[in-house]
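Undergrad: Give me the fold of what follows.
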Amino acid sequence: MPKTPAITVKELQTHEEWASMFALIKHQNKEMTKKEFTRLLAEMRPRGYRCIGAYLSGELVGIMGFWISFRFWCRKYIDIDNVVVDEKHRGRGIGRKMLLWVEKEGRRENCQMAVLDSYTTAQKAHRFYFREGYAILGYHFTKYL
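TA: Residues are numbered from 1 along each chain as shown. The predicted structure follows:
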């Protein structure tokens, strides 16, 4: 029986690694252009946005962004953002490996809590987060300005 390649999770560091995440970001943001992606990253990264990638045989198959911040209700927290696993690689534990990596980083940074937003229509993602011990504590309201 052939051995399944190992999944490697690491923080993105190089310009090439950051640029490679565009294809996965496009999965959740269909209208995003490469130019807008580049502009947003240029604004987000200096404000503390970080990202990890999951690699399978050297191919980027998953990404998970995160920020570390503070709010009165949860104190210091790690905010998980832009969780995407390539559709053809789902069900292999990639999302779980990335989540464990980010939670470990949150503990290392002395965060009290991990938080995330999920689209109301993403039922498969909700099942995944519930399985991993996350709970819905409230609503996230939005208003376009």
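Undergrad: What helix or strand is G95 located in?
TA: helix 94-108 (DSSP states H and E).
Undergrad: what bits of the protein have low per-residue confidence?
TA: Scanning the chain with the threshold set as pLDDT under 70 gives 1-4.
Undergrad: the strands in it, which residues?
TA: 7-11, 50-56, 59-71, 75-85, 113-116 (DSSP state E).
Undergrad: can you redo those as JSON lines with distance to L40 and mean neighbour count?
TA: Any C-beta I mention is one placed from the backbone N, CA and C, and that applies to glycine too. Listed next are those as JSON lines, based on distance: least, CB to CB, whole Å; neighbours: other CB atoms under 10 Å:
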{"stretch": "strand 7-11", "distance to L40": "19", "mean neighbour count": "14"}
{"stretch": "strand 50-56", "distance to L40": "12", "mean neighbour count": "20"}
{"stretch": "strand 59-71", "distance to L40": "11", "mean neighbour count": "18"}
{"stretch": "strand 75-85", "distance to L40": "11", "mean neighbour count": "19"}
{"stretch": "strand 113-116", "distance to L40": "19", "mean neighbour count": "18"}
